[in-house]
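Participant: Give the three-dimensional model of this entry:
(2 chains)
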2 protein chains.
Amino acid sequence: MARWEPGARERLVVAAVDLFTEQGYDATTVAQIAERAGVTKSTFFRHFADKRELLVAGQETLSQLLAEGIAEAPTGATPLEAVAAGLVRASSAMGALNRDLGPRLKAAVAASTELQERDALKTVSLAAAMKTALVARGVPDPTAALAGELGVLAFKRSFAEWSEGDRDAGEGRATLALAALDELRAASASLG
Amino acid sequence: MARWEPGARERLVVAAVDLFTEQGYDATTVAQIAERAGVTKSTFFRHFADKRELLVAGQETLSQLLAEGIAEAPTGATPLEAVAAGLVRASSAMGALNRDLGPRLKAAVAASTELQERDALKTVSLAAAMKTALVARGVPDPTAALAGELGVLAFKRSFAEWSEGDRDAGEGRATLALAALDELRAASASLG
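Facilitator: Numbers count the residues shown, from 1 in each chain, chains lettered A, B, ... in the order given. Modelled structure (predicted):
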């Protein structure tokens, strides 16, 4: 077995997104991804179960951060204030790599039904993680489910804005996420 | 090629759900499903691309009915009133077969990551279909996206209630869907 290599996980994600962009998801093999990243196939499989899992690298961390932020919001916080705390906590984990890969990952997802399925499960899982954390705070089920959906919409909309937007604008990930949540809160008043 | 067989599609769905329940999704082959349904493998493939697609039989019809109901709602209807019209239209297509298979399909999905992914894509697709239909009515984007999520939550919650509930209670699918949407509308007032 190869020794542990710092940064191998990140290099694998970058190599995979590069290859998905160049030649498509279906045509890309695990062997090619490992070679491009300069690691062995067994190193690949220590980090990811298969090439599809590269898409959602960090999903569990993200769910955990969202849930922690919600759990640790002040006792009197409303459901959406707790969701806001979750979004702020999760934003702290999104760095330059996420931002750079975002648009290319989005293109790869748009071109592959298999990746769309995996991406959809990620979306549903993040909403479920937020709902569970809200229920644990005593928020009743329909409200918790709805607040979780608002949280995911805010997360996704602000991620797209952040990763596709002007790098010099200086608006942080957390600021954009909170603005998106505010916009959705305002929209909830005009549902009729 | 075999001639067209009336009811083959429904028989394939029932056979697949029976086999998923008896022996698990992974262990079930297309050949076994076709045999149980009393059709050839080529008949299977005229109806479904693969065994996973059996899970979402009717997804496109459902998306279309939701969108049609939304499109044909009265001009002055609010976003949620339009979603309600979509839910009523879609409910008309859900018959005894959907009701009977519901709980077993749910168990099969719970036991298979592959089916969870496909089911998640169905959820995301239904929300997107409703959002698109609302945007076409002139509903601005964040409100349309949110109303689409409420529509999917109402659809899923009421489907579970309907398919798992008392068959003699007599509450129709549409009534349950509208009640679920009302509950979510009420919940949206307590998001904070």
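Participant: tell me the contacts of residue A:190?
Facilitator: Counting by Cβ atoms under 8 Å, 6 or more residues apart in numbering or on different chains, residue A:190 touches B:79, B:143. Where you see a C-beta, it was placed from the backbone N, CA and C, and this is true even at glycine.
Participant: for it, helix, strand, or coil?
Facilitator: Three-state assignment for residue A:190 (DSSP: H, G, I helix; E, B strand; the rest coil): coil.
Participant: Return the distance of it relative to residue A:147.
Facilitator: Residue A:190 sits 18 Å away from residue A:147, going by Cβ to Cβ, to the nearest Å.
Participant: Residue A:42: neighbour count?
Facilitator: Residues lying near residue A:42 (other Cβ atoms under 10 Å in any protein chain shown) number 10.
Participant: what's the spacing between it and residue A:13?
Facilitator: Distance, residue A:42 to residue A:13, using Cβ to Cβ: 17 Å.
Participant: Please apply the same query to residue A:142.
Facilitator: In terms of Cβ to Cβ, residue A:142 sits 37 Å off from residue A:13.
Participant: What sits closest to residue A:66 if chain neighbours are left out?
Facilitator: In space, residue A:66 comes closest to residue A:86 once its chain neighbours are excluded; the distance is 4.1 Å by Cβ to Cβ, 6 or more residues apart in numbering or on different chains.
Participant: What score does that neighbour have for pLDDT?
Facilitator: What the model reports as pLDDT for residue A:86 is 97.
Participant: burial of it, as a residue count?
Facilitator: 31.
Participant: so who does it touch?
Facilitator: Residue A:86 neighbours (Cβ under 8 Å, 6+ apart): A:65, A:66, A:67, A:68, A:69, A:70, A:73, A:130, A:133, A:151.
Participant: Likewise for residue A:31?
Facilitator: Here residue A:31 is in contact with residue A:41 (criterion: Cβ under 8 Å, 6+ apart).
Participant: does it sit in a helix or strand, and which one?
Facilitator: Using DSSP states H and E, residue A:31 sits in helix A:30-37.
Participant: Enumerate the positions of that helix that are buried.
Facilitator: A:30, A:32, A:33, A:34, A:36, A:37 (16 or more other Cβ atoms under 10 Å in any protein chain shown).
Participant: The second one against residue A:22, yeah?
Facilitator: So that's residue A:32. No - with contacts counted by Cβ atoms under 8 Å, residue A:32 stays clear of residue A:22, the gap being 10.0 Å.
Participant: Packing partners of the helix or strand hosting residue A:162?
Facilitator: According to DSSP H and E, residue A:162 maps onto helix A:141-164. Here helix A:141-164 touches helix A:79-91, helix A:96-110, helix A:113-136, helix A:173-188, helix B:141-164, helix B:173-188, going by 3 or more Cβ pairs under 8 Å, 6 or more residues apart in numbering or on different chains; DSSP states H and E.
Participant: as a whole number, average confidence for that helix?
Facilitator: 93.
Participant: Can I get the helix-or-strand element of chain A with minimal mean pLDDT in PDB, CA atoms only?
Facilitator: Scoring the helices and strands of chain A by mean pLDDT, DSSP states H and E places helix A:96-110 at the bottom, with a mean of 86. Taking Å, rounded to 0.1, in the frame of the first residue of the first chain, the C-alpha atoms of helix A:96-110 are listed here in PDB:
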ATOM      1  CA  ALA A  96     -11.100  28.600  -3.000                       C
ATOM      2  CA  LEU A  97     -11.100  25.000  -4.300                       C
ATOM      3  CA  ASN A  98     -14.900  24.700  -4.000                       C
ATOM      4  CA  ARG A  99     -15.300  28.100  -5.700                       C
ATOM      5  CA  ASP A 100     -13.000  27.200  -8.600                       C
ATOM      6  CA  LEU A 101     -14.500  23.800  -9.300                       C
ATOM      7  CA  GLY A 102     -18.100  24.900  -8.900                       C
ATOM      8  CA  PRO A 103     -18.900  26.000 -12.500                       C
ATOM      9  CA  ARG A 104     -17.100  23.000 -14.100                       C
ATOM     10  CA  LEU A 105     -18.800  20.500 -11.700                       C
ATOM     11  CA  LYS A 106     -22.100  22.100 -12.600                       C
ATOM     12  CA  ALA A 107     -21.400  21.600 -16.300                       C
ATOM     13  CA  ALA A 108     -20.400  17.900 -15.700                       C
ATOM     14  CA  VAL A 109     -23.600  17.400 -13.800                       C
ATOM     15  CA  ALA A 110     -25.700  18.900 -16.500                       C
END
